[in-house]
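A.B. asks: Got a sequence here, can you build the structure:
(chains A and B, ligands or ions: 2)
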Amino acid sequence: MSLTRRQFIRNVSVAGGALTLGFQLTGCSGKPLQLGSEADFQPNAFLRIEPDGTVILQIPKAEMGQGVITGMVTLVAEELEVHPSRIDYAMAPVHSAFGDPEMRLQITGGSASIRVYHEILRQVGASARETLVAAAMQQSGLDRASLEAREGRVRSVDGSVDLGYAELVPVARTLAVVSDVALKSTDQWRWIGRYDQRVDAVVKTDGSARFGMDANPEGCLTAVLLRCPWFDGGVESFEAVEALSLPGVVAVFATEFGVAVVAEGYWPARQAAGKVQVNFTPPGGGLRDSATISAALDAALDGEDFASVRDEPATVAVEQGTRVSARYAVPFLAHAAMEPLNATCRLTADGCEVWVGSQAPDLAQDVASRVLGVPREAVVIHNQFLGGGFGRRAAADNVAEVVAIARELKRPVKLVWSREDDMRHDWYRPAMAGAIEARVHPDGRVSHWQHRIAGPSINQQVLPVMMGAMLPQWVPGGPRQWVGDFVGKKDFASVEGSKELPYAFDGVSVSYRNVPVPIPLGYWRSVGHSHNAFVVESFVDELAHAAGIDPLDFRRQHLPEASRHRRVLDAVAKAANWGNAPPGRFQGIAVHDSFHSCVAEVVEVSQVDGKVQLEHVYCAIDCGQVINPDIVKDQMIGGIVFALSAALHGEITLKDGAVEQSNYHDYPLLRQTDTPPMTVVLVESSAPPTGVGEPGTPPAAPALANALFAATGERQRRLPLRLG
Amino acid sequence: MVTFTLNGREIELEVDPETPLLWVLRDHLQLMGTRFGCGMGLCGACTVHLDGTAIRSCSTPLAMAAGRSVTTIEGLGGNHPLQHAWVEHNVPQCGYCQSGQIMSAAALLAANPQPDEESIRQAMSGNLCRCGTYHKVQQAILSAAAVAQWQPAGEDAS
Ligand code: FES
Ligand code: FES
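C.D. replies: Numbering: from 1, shown residues only, chains lettered A, B, ... in the order given. Ligands and ions are numbered 1, 2, ... in the order given. Model prediction:
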């Protein structure tokens, strides 16, 4: 999330009187946390040490592959003086103590987890350690200077005292928690920046990791849901006589979300679903086909009614340079995480329990409580490993559905989406269009950069839903939608990555026009950066060629000397041996700052007989201090694979208001055989850590488009790109 | 009634023989390590071994397993050289595809103990990974291939 979005959400929270302090070392507002037993030493909401010495860290963020558990465990381990592999972890329950201090929701997004928590978690470890040492002081009568904490023990310098943390728990739990402990200096770090394992690797290689899909409470049935294929419709009637006669089928009934088919297992449920006849309400009017949506976006670029998000006038007259202009367009995209959406619900005496892999468990709780008509506190969310998130699992539509099904069924039930359901009922990365122009001067200077962006607003749709979880539940939907509509006019998610144009051009204007569409929209890995980096970095390349200057030199010329942009560009250029590609090889470059990290990438392609092939991708990132180098590299590579899948294949199209794609054959992803070798360079930095989950994604599509231009001389301005 | 060997143990099941093996494993036997990704043989998340060969359990009816031997990720036992290599190389990100990746890799190594990079790429091309762990998968297979031959407990010697 951009800073503006966070600030906005914070302001909304304050205005609504619902401000809860997301982080308190020694307790929390509202309902007290019940974790572990009385006998545990629990210095704060995050950490507890059981009498047998077991250390358990509550993870306030969703683990969807980005390595947040390993990162958080490492940060705590460093100060607690316990080896990272000896810290157990648990997915934190929904509680104000685990709300993101910036976003006010217990949400995982915006590549923010480590940036926001790195100091907090070191403090968590340090204050626990010092309290244990205080217990040792009491037990031994020695002073602080004579004791040292190391490897889960407190020892005296002279060797006379040697106490394991387990032995100190009974005393430590009775002491006041030592706070405001000075943190180790960087040169004292043993694991931060060095620990190179993933603490969740074993359970993810022996099959024992539990995803939402694996929840299985006693007596659990399986449901599938037949949803209206177009997004503005519902169920009118259905007929299920044959379906109900099939073996294993338990019930077929309508809910507000579609017709539920419940059976003893997924297979009989899916088989029976194929026999249910559903009449859906007729589709509405408006923008219902990809072609009409593209045309509407393109036409919108010619209209008025743009909201300015940045406007710096030029100092030179407009006549002086050569005008370069272009139009770009990107399609709707699906998340297509490997684990299809699902959720499991069991009704309780006063509410329900839900098992789900969620990026926003408090949103899931809010949604469930509304569907069931009970207070939020009556809903318990058991968060699970996420089989990929990428923004999709910040929504809780799957939770709403399963709770509605359980409400009618009154038995434990798991709702399983098919891959087809997942593809056709996503919250899509919006299609966007851009018109961009600038003046190039004979000396290579650029003036009058004007970028107009037209497309639907994600936050107009999503903010009202998220605010439902941030505000008291009596706040009606109307004002929330009003805020969504208001934010939609200048949606930061539509312009992020364009608005912050880093080049020192003379005169920059960026503006946005919201073109609503009746299609659910959501955050897709790197959100607005995913399309704006493509447009901006492709067009900068066009300007470089118009100026007759090497694309790397051109970028460097317009970037401040000491900028992070320059540093990552230089690092990636060196790794890629920029400018010296072997014969038959062509390179394209792009640089983009997102989520407080700066990434440059070079894509190298070959061309033989008009056929272009990916050969290598080089990447350099400055993300401040690195907690786990291997995970950062994996996030860069994974982000690039994600981006290249979209750049080469990704396109969701609509016909009569329904999504045409259904599975991995018509929405293909890069496979083992398509993925080129990659090199990642971590640029050294002593700045605090910044995002890594998303920043690898934005530069890849423009770097590829620029490489294709180098190879073919043809400028492709629409995604997905064609190879030759 | 269908009888087959599962991870080295003989079992008998009263299940519709048309049911895909994937759902027999997950819904009837509560073996959750085998994953559902696409249901169409496109992603490889559901890969298990049938008499030592990697198959897509989502598209294989239970009837096909009758009288034969099925090995799932649980049956690899956790000590397979590939599983060690996977941990050592930090292959998994979200982890959802990894049971399938490992089962495909295990079948590959059983058939070709010293695969080169190209044969690894080809053999693994049916296993999608949305997180993009392909390079790590390749490195881990190469390093496991360097380890001595190994025979899984539940697998036929075929
Ligand atoms: S679930 Fe079987 S191949 Fe995808
Ligand atoms: S590790 Fe997430 S899909 Fe492969």
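A.B. asks: distance of whatever residue of the stretch 551-700 of chain A ends up closest to chain B from A:A394?
C.D. replies: In the stretch 551-700 of chain A, the residue found nearest to chain B is A:V641; the distance is 2.9 Å by C-beta to the nearest C-beta. All C-beta atoms are positioned from the backbone trio N, CA, C, and that covers glycine. Taking C-beta to C-beta, to the nearest Å as the criterion, A:V641 is separated from A:A394 by 21 Å.
A.B. asks: Comparing these two, which shows the higher neighbour count?
C.D. replies: Using other C-beta atoms under 10 Å in any protein chain shown, the more surrounded residue of A:V641 and A:A394 is A:V641, with 28 against 23.
A.B. asks: Quick check, that one in contact with B:G132.
C.D. replies: Yes - if you go by C-beta atoms under 8 Å, A:V641 and B:G132 touch, sitting 2.9 Å apart.
A.B. asks: What score does the closest residue to ligand 1 within the stretch 1-150 of chain A have for pLDDT?
C.D. replies: Nearest residue of the stretch 1-150 of chain A to ligand 1: A:G65, at 18.0 Å (C-beta to the nearest ligand atom). Per-residue pLDDT puts A:G65 at 98.
A.B. asks: Quick check: it touching B:C97?
C.D. replies: No - at 10.0 Å, A:G65 and B:C97 do not qualify as touching, with contact defined as C-beta under 8 Å.
A.B. asks: can you list residues touching both of those two?
C.D. replies: Each of B:C131 lies in contact with both A:G65 and B:C97 under the rule C-beta atoms under 8 Å, 6 or more residues apart in numbering or on different chains.
A.B. asks: ok so, going back, what separation is there between the residue of the stretch 1-150 of chain A closest to ligand 1 and A:F385?
C.D. replies: The value you get for A:G65 to A:F385, if C-beta to C-beta is used, is 9 Å.
A.B. asks: still on that earlier bit, quickly list what's touching both of A:V641 and B:G132.
C.D. replies: Taking C-beta under 8 Å, 6+ apart as the contact rule, A:V641 and B:G132 both touch A:670, A:675.
A.B. asks: Could I get the contacting residues of the most centrally placed residue in chain B?
C.D. replies: In chain B, the centroid-proximal residue (C-alpha atoms, centre = their mean) is B:M103; its distance is 2.5 Å. Each residue near B:M103 by C-beta under 8 Å, 6+ apart is listed here: B:47-49, B:54, B:71-73, B:76.
A.B. asks: again, only this time at 10 Å
C.D. replies: By C-beta atoms under 10 Å, 6 or more residues apart in numbering or on different chains, B:M103 lies in contact with A:207, B:33-34, B:44-49, B:54-55, B:57, B:71-73, B:75-76, B:82, B:127.
A.B. asks: Which of these fall within helices?
C.D. replies: Secondary structure from DSSP state H places B:73, B:75-76, B:82 of the contacts of B:M103 in helices.
A.B. asks: Can you tell me which of those residues has the most neighbours?
C.D. replies: Neighbour tally across the ones in helices among the contacts of B:M103 (other C-beta under 10 Å): the maximum, 30 neighbours, falls on B:I73.
A.B. asks: So which bits of stretch A:242-251 are buried?
C.D. replies: By neighbour count with 16 or more other C-beta atoms under 10 Å in any protein chain shown, stretch A:242-251 contains the buried residues A:243, A:246, A:248-251.
A.B. asks: Quick one: end-to-end distance for stretch A:524-535.
C.D. replies: Stretch A:524-535 has its terminal residues 17 Å apart, counting by C-alpha to C-alpha, to the nearest Å.
A.B. asks: what's the average pLDDT for it?
C.D. replies: Mean predicted confidence for stretch A:524-535 is 98.
A.B. asks: Which positions in chain B make contact with ligand 2?
C.D. replies: Counting by C-beta under 6 Å from any ligand atom, the residues of chain B lying close to ligand 2 are B:92-98, B:129-131, B:133.
A.B. asks: meant to ask about chain A
C.D. replies: Residues of chain A lying close to ligand 2 (C-beta under 6 Å from any ligand atom) are A:65, A:338, A:388.
A.B. asks: what do you get if the cut-off is 5 Å, keeping everything else the same?
C.D. replies: By C-beta under 5 Å from any ligand atom, the residues of chain A that approach ligand 2 are A:65, A:338.
A.B. asks: And the strands in the stretch 601-724 of chain A, which stretches?
C.D. replies: Taking DSSP state E, counting those that start in this stretch, the strands of the stretch 601-724 of chain A run over residues A:611-622, A:654-655, A:658-659, A:678-682.
A.B. asks: The lengthiest helix in chain B and ligand 1 in contact?
C.D. replies: Looking across chain B with DSSP H, the single longest helix is helix B:98-111. No - residues of helix B:98-111 are not located near ligand 1 by C-beta under 5 Å from any ligand atom, the shortest gap being 7.5 Å.
A.B. asks: CA atoms of that helix as PDB?
C.D. replies: C-alpha atoms of helix B:98-111 as PDB (Å, rounded to 0.1, in the frame of the first residue of the first chain):
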ATOM      1  CA  GLN B  98       5.600 -28.600  -3.600                       C
ATOM      2  CA  SER B  99       4.100 -32.100  -2.900                       C
ATOM      3  CA  GLY B 100       3.500 -32.400  -6.600                       C
ATOM      4  CA  GLN B 101       6.900 -31.000  -7.500                       C
ATOM      5  CA  ILE B 102       8.600 -33.500  -5.200                       C
ATOM      6  CA  MET B 103       6.600 -36.500  -6.400                       C
ATOM      7  CA  SER B 104       7.400 -35.600 -10.000                       C
ATOM      8  CA  ALA B 105      11.100 -35.200  -9.200                       C
ATOM      9  CA  ALA B 106      11.100 -38.500  -7.300                       C
ATOM     10  CA  ALA B 107       9.700 -40.300 -10.300                       C
ATOM     11  CA  LEU B 108      12.300 -38.600 -12.500                       C
ATOM     12  CA  LEU B 109      15.200 -39.700 -10.300                       C
ATOM     13  CA  ALA B 110      13.900 -43.200 -10.000                       C
ATOM     14  CA  ALA B 111      13.900 -43.500 -13.800                       C
END
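A.B. asks: what packs against the next helix or strand after that helix?
C.D. replies: Next along the chain after helix B:98-111, taking DSSP states H and E as the criterion, comes helix B:117-123. Using 3 or more C-beta pairs under 10 Å, 6 or more residues apart in numbering or on different chains; DSSP states H and E, the elements in contact with helix B:117-123 are helix B:98-111, helix B:134-145.
A.B. asks: Comparing the ones you listed, which comes out most buried?
C.D. replies: Mean neighbour count (mean count of other C-beta atoms under 10 Å in any protein chain shown) peaks for helix B:98-111 among the helices and strands packed on helix B:117-123, with a mean of 25.
A.B. asks: now that one and helix B:134-145, what's the angle there?
C.D. replies: If you take axes from the mean of the first three to the mean of the last three C-alpha atoms, to 10 degrees, helix B:98-111 sits at 40 degrees to helix B:134-145.
A.B. asks: contacting residues around the residue in chain A that chain B sits nearest to?
C.D. replies: Using C-beta to the nearest C-beta, the single residue of chain A nearest to chain B is A:G207, 2.2 Å away. Contacts for A:G207 (C-beta under 10 Å, 6+ apart) come out as A:214, B:31-35, B:72-76, B:78, B:83, B:95, B:98-99, B:102-103.
A.B. asks: With A:Q607 instead?
C.D. replies: Contact analysis of A:Q607 by C-beta under 10 Å, 6+ apart lists A:584-586, A:613, A:707-708, A:710-712, A:723-724.
A.B. asks: Need the pLDDT of it.
C.D. replies: 93.
A.B. asks: what residues are up against the one residue in the stretch 601-724 of chain A that gets nearest to ligand 2?
C.D. replies: For the stretch 601-724 of chain A and ligand 2, the shortest gap (C-beta to the nearest ligand atom) falls at A:G638, measuring 8.2 Å. Contacts for A:G638 were tallied using C-beta under 10 Å, 6+ apart; they are A:65-66, A:525, A:631, A:692-693, A:696-697, B:93-94, B:129-136.
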